[in-house]
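In: I would like to see how this sequence folds:
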Amino acid sequence: MDDTLRSRQWFGGDLKNGFIARHHLRAAGFGSWAFDGRPVVGICSSASDLTPCNSHLGGLAEAVKRGVLRAGGLPLVFPVFSPGEPFIRPSSMMYRNLMAMDVEEALRANPLDACVLLTGCDKTTPAALMGAASADVPSIVLTGGPMLNGRYRGRSVGSGTDIWRMTEELRAGRIEESEFTEFESCLNRSAGHCMTMGTASTMACLTEALGMQLPGAAALPAVDSRRTVLAEETGARAVELAREGLRPSQIMTRAAFENAVVVNAAIGGSTNAVLHLLAIAGRVGVPFDLEDFDRLGRPIPLLVDLMPSGRFLMEEFAYAGGVPGLVKRLGGLLNPDPVTVTGRSLVTECADARVDDEEVIRRIEAPVQGPGQGIAVLRGSLAPGGAVIKQSAATPGLLVHEGPALVFDSLEEYAEVADDPALDVTADTVLVVRGLGPRGYPGMPEAGNLPLPRRLLESGVTDMVRISDARMSGTAYGTCVLHVAPESAVGGPLGLVRTGDRIRLDVPGRRLDLLVPSEELEERHRSAWKPPVPAAERGWTRLHIDHVLQADQGVDLDFLTGSSGSAVPKKAF
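Out: Down below sits the predicted model:
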């Protein structure tokens, strides 16, 4: 019996307290063996019919339970608020922090010695990591895996990436609605999250790079039987973590976050990873900022040839070697010191990994794109707090561009005229849509890859410079400047731009400037800018609006940053 386990303060307490904790589990059919001092492992599952890409996690939970029992632990499954990417409004990002709070409080308040976090979509994975970081109870993640490749008329198609392409083709009149419907029915063929290198796949890979997931777990398809085997191994490892006392704060160190940024550059990861890694680092108390993404990512070539920056999908990445194969390729570019949930370093774990497809995971000397083509951090008079752009998904000829602004105060305002053939817009226009930030929308929607005006689509234009305080789906592409901070709703310069103002984008120089004299901007702010009326007066939305941080700080809530630790809460009797 290990009396150092947290759970002993519940199940091993004095006569009355121990009885209260034990007898309710007896009512659920557990015998005395469950209270003999073995580690109690929580299985926190974001499975929900309202979150389709997580709906299969119940099966993985059963496999995790087998692993926990095999290793001598007691498994207890519990649900968590699950922000479903396809359904939830106004934006799933507004609810990432709510799920993180749910995870944190559940881990701290219950008799858990360790936890397995089952996740599988854009916000559920970072939310679980944030909550685990704050509670700092020994934890291990298992992501749910990507869907099988979409197949349409003899070719592979990717969720998100091909949706944007086909939608624009439909709007331009180049395909029929019946063709689009056929494509839609062929796209998502199995359980799992998006199979492109969108945010879900990115965060699965970065969870592995951070050391919080077993090697090889990020890329295997959701329906691959090897993922079920990994689930059992994850449960067994959670029991060992409880006995060893290895905590998230000992795994997610500064060096581990640096490794995650390197891996993100090499996979062509989502810009959303910037927000999520900043927020997770803030929970652990690791100093990390926007400049770290640019500095650490700039020397790294794009090695993984996946949509939206490349050709393939997560199935090919898994079969080529997944994250372990990529780590082997990156070699000395990674810090060898950070420990992972295995108790060994990431580099050590992947030392014997193989790469079985040189087209999917490239060699350093033959990359998909050379160094300096990843996520760039921009600053300037239009983004004093910073903005980001995913270079690998942008049009090279637009990375240095100057043009007149066409400004809209909301998505709805732009949507009303986007298809107007008389809209005064050219390929040189810089499209600006604001009011889409963490407070202003609220919740910072994935709207930064704004649809092109139909007039341009019909003339053959396929890209233009678009600027917003919104996010962009990791599956999307285009010359889209995102996360402009401070956002317009808090008085950032984006709220002062007028149609016709000149804007200059200089990605190589890391600049984004509004070519209007500072005196004129000050006058606009004094005479014309007013804070928007809050979108809600009550509930989570109001709490979010009042306390959310800006994009350059990870969009966490100001009172949730930092770790509150795993100390057992006081009992009332």
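In: C-alpha from now on. contacts and neighbour counts both.
Out: Will do.
In: Where do the helices of the stretch 251-400 of the chain begin and end?
Out: Assigned helices in the stretch 251-400 of the chain, in chain order: 254-267, 272-284, 290-297, 314-320, 322-330, 346-349 (criterion: DSSP state H, counting those that start in this stretch).
In: Could you tell me the angle between the longest one and helix 272-284?
Out: The reference is to helix 254-267. Going by axes from the mean of the first three to the mean of the last three Cα atoms, to 10 degrees, helix 254-267 is angled at 170 degrees with respect to helix 272-284.
In: Turn the helices of the stretch 251-400 of the chain into a markdown table, including distance to residue 161, mean pLDDT and mean neighbour count.
Out: Output for the helices of the stretch 251-400 of the chain, formatted as a markdown table (distance: least, Cα to Cα, whole Å; pLDDT from 0 to 100; neighbours: other Cα atoms under 10 Å):
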| stretch | distance to residue 161 | mean pLDDT | mean neighbour count |
| --- | --- | --- | --- |
| helix 254-267 | 16 | 98 | 25 |
| helix 272-284 | 15 | 97 | 25 |
| helix 290-297 | 23 | 96 | 19 |
| helix 314-320 | 13 | 97 | 23 |
| helix 322-330 | 20 | 98 | 24 |
| helix 346-349 | 30 | 96 | 21 |
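In: Which one, of those helices, ends up nearest to residue 81?
Out: helix 272-284 (17.8 Å; Cα to Cα).
In: Output the contacting helices and strands for the top helix by length along the chain.
Out: In the chain, assigned by DSSP state H, the helix with the most residues is helix 225-244. Under the contact definition 3 or more Cα pairs under 8 Å, 6 or more residues apart in numbering; DSSP states H and E, helix 225-244 sits against strand 40-45, helix 57-70, strand 114-119, strand 139-143.
In: Adding distance to residue 5, mean neighbour count and mean pLDDT, write these out as CSV.
Out: Below are those laid out as CSV (distance: least, Cα to Cα, whole Å; neighbours: other Cα atoms under 10 Å; pLDDT from 0 to 100):
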stretch, distance to residue 5, mean neighbour count, mean pLDDT
strand 40-45, 9, 26, 98
helix 57-70, 16, 22, 97
strand 114-119, 9, 29, 98
strand 139-143, 14, 30, 98
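In: still on that earlier bit, could you give the angle of the longest helix of the chain to helix 57-70?
Out: Using the same axes, to 10 degrees: helix 225-244 against helix 57-70 is 50 degrees.
In: Residues contacting the worst-scoring helix or strand of the chain on mean pLDDT, please?
Out: None of the helices or strands of the chain scores lower by mean pLDDT, DSSP states H and E than helix 15-27, at a mean of 83. Residues outside helix 15-27 that contact it (Cα atoms under 8 Å, 6 or more residues apart in numbering): 10, 11, 12, 35, 573.
In: what pLDDT, on average, does stretch 192-201 get?
Out: For stretch 192-201, mean pLDDT is 94.
In: Actually, stretch 101-110.
Out: For stretch 101-110, mean pLDDT is 97.
In: buried residues in that stretch?
Out: Across stretch 101-110, burial judged by 16 or more other Cα atoms under 10 Å covers 101, 102, 103, 104, 106, 107, 108.
In: In three-state terms, label residue 482 for me.
Out: With DSSP: H, G, I helix; E, B strand; the rest coil as the basis, residue 482 sits in strand.
In: That one: neighbouring residues, count only.
Out: Counted with other Cα atoms under 10 Å, residues neighbouring residue 482 total 28.
In: what residues are up against it?
Out: 387, 388, 389, 448, 467, 468, 469, 470, 471, 472.
In: circling back to that earlier point, columns distance to residue 49 on top of the helices of the stretch 251-400 of the chain, output as TSV?
Out: Converted to TSV, these look like this (distance: least, Cα to Cα, whole Å):
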stretch	distance to residue 49
helix 254-267	30
helix 272-284	24
helix 290-297	35
helix 314-320	23
helix 322-330	28
helix 346-349	34
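In: Of these, give the one that comes closest to residue 181.
Out: Judging the helices of the stretch 251-400 of the chain by Cα to Cα, what sits closest to residue 181 is helix 314-320, at 23.7 Å.
In: Give me the residues contacting that closest one.
Out: So helix 314-320 is contacted by 146, 148-149, 195-197, 201, 216, 219-221, 304, 306, 354-358, 360-361 (Cα under 8 Å, 6+ apart).
In: tell me the contacts of residue 37?
Out: 1, 2, 3, 8, 12.
In: Remind me which helix or strand residue 405 belongs to.
Out: According to DSSP states H and E, residue 405 maps onto strand 400-408.
In: That strand - contacts with which helices or strands?
Out: strand 430-433, strand 502-506.
In: Using CSV, write out every CA atom in stretch 357-365.
Out: Taking C-alpha atoms only, stretch 357-365 is exported to CSV below (Å, rounded to 0.1, in the frame of the first residue of the first chain):
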residue,chain,number,x,y,z
ASP,A,357,8.3,7.2,-47.3
GLU,A,358,10.8,9.8,-48.3
GLU,A,359,8.2,11.8,-50.2
VAL,A,360,6.0,12.3,-47.1
ILE,A,361,8.8,12.9,-44.5
ARG,A,362,11.7,14.6,-46.3
ARG,A,363,15.3,14.7,-45.5
ILE,A,364,16.8,18.0,-44.2
GLU,A,365,18.7,18.4,-47.5
